[in-house]
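Student: sequence unknown, structure follows:
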C-alpha cells in the first residue's frame with residue numbers, strides 16, 4: 001500500500017475557546033487545512049472524547065459564529081453538544097410521517 005501524496009498545507013492548531021461541562025474542561029481547537037478551517041472539541045487532558053464540530057469552515061466570520069453558538073449550546077446542555085447521547089435524550093414528538 002502506498003501513501004497518497006498531498007500538496008495541501010496544514011497550519012498549527014489554535015485554541016479558540018475553553019469551556020467547562022459535566023465531562024470536565026474542554027477546548028475548541030481550530031486548524032487550517034488546505035485553506036479551510038477544521039473545528040474540533042477536545043478535552044483538556046488525556047481523558048474524554050474528541051469531536052469534529054466542522055470540517056470545512058470557509059471564513060473566520062463563519063467560524064466566530066459557530067464557536068459562539070457551540071459555547072452557548074454547551075452552557076445550556078452542560079455537556080459537549082456533539083455527544084451522541086443528546087439526540088435521544090428527549091422523547092420524540094409525533095410527526096406527519098407517523099400517520
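Tutor: Sure thing, it's come through. Because the structure is predicted, anything quoted here is derived from the model rather than measured. Numbers count the residues shown, from 1 in each chain.
Student: which stretches of the protein form helices?
Tutor: 60-77 (DSSP state H).
Student: what are the buried residues along the top strand by length along the chain?
Tutor: The longest strand of the chain (DSSP state E) is strand 24-33. Buried positions in strand 24-33, judged by neighbour count with 16 or more other Cβ atoms under 10 Å: 26, 28, 29, 30, 32. Bear in mind the C-beta positions are built from the backbone N, C-alpha and C, glycine included.
Student: which one of the residues you listed sits closest to residue 70?
Tutor: Closest to residue 70 out of the buried residues of strand 24-33 is residue 28 (6.6 Å), distances taken as Cβ to Cβ.
Student: flag the shaky bits of the protein, pLDDT-wise.
Tutor: 1-8, 85-99 (pLDDT under 70).
Student: who's in contact with the residue nearest the centre of the chain?
Tutor: Geometric centre of the chain, nearest residue: residue 53, 2.3 Å, by Cα atoms, centre = their mean. Neighbouring residues of residue 53 by Cβ atoms under 8 Å, 6 or more residues apart in numbering: 28, 39, 40, 41, 66, 70, 82.
Student: take the buried residues of strand 24-33 and write them to a markdown table, including distance to residue 17.
Tutor: Output for these, formatted as a markdown table (distance: Cβ to Cβ, whole Å):
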| residue | distance to residue 17 |
| --- | --- |
| 26 | 9 |
| 28 | 5 |
| 29 | 9 |
| 30 | 9 |
| 32 | 17 |
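Student: what's the closest of the residues you listed to residue 78?
Tutor: Comparing the buried residues of strand 24-33 against residue 78 with Cβ to Cβ places residue 26 closest, at 11.8 Å.
Student: contacting residues for that closest one?
Tutor: So, once contact is read as Cβ under 8 Å, 6+ apart, residue 26 ends up touching 18, 19, 20, 41, 42, 43, 44, 48, 74, 80.
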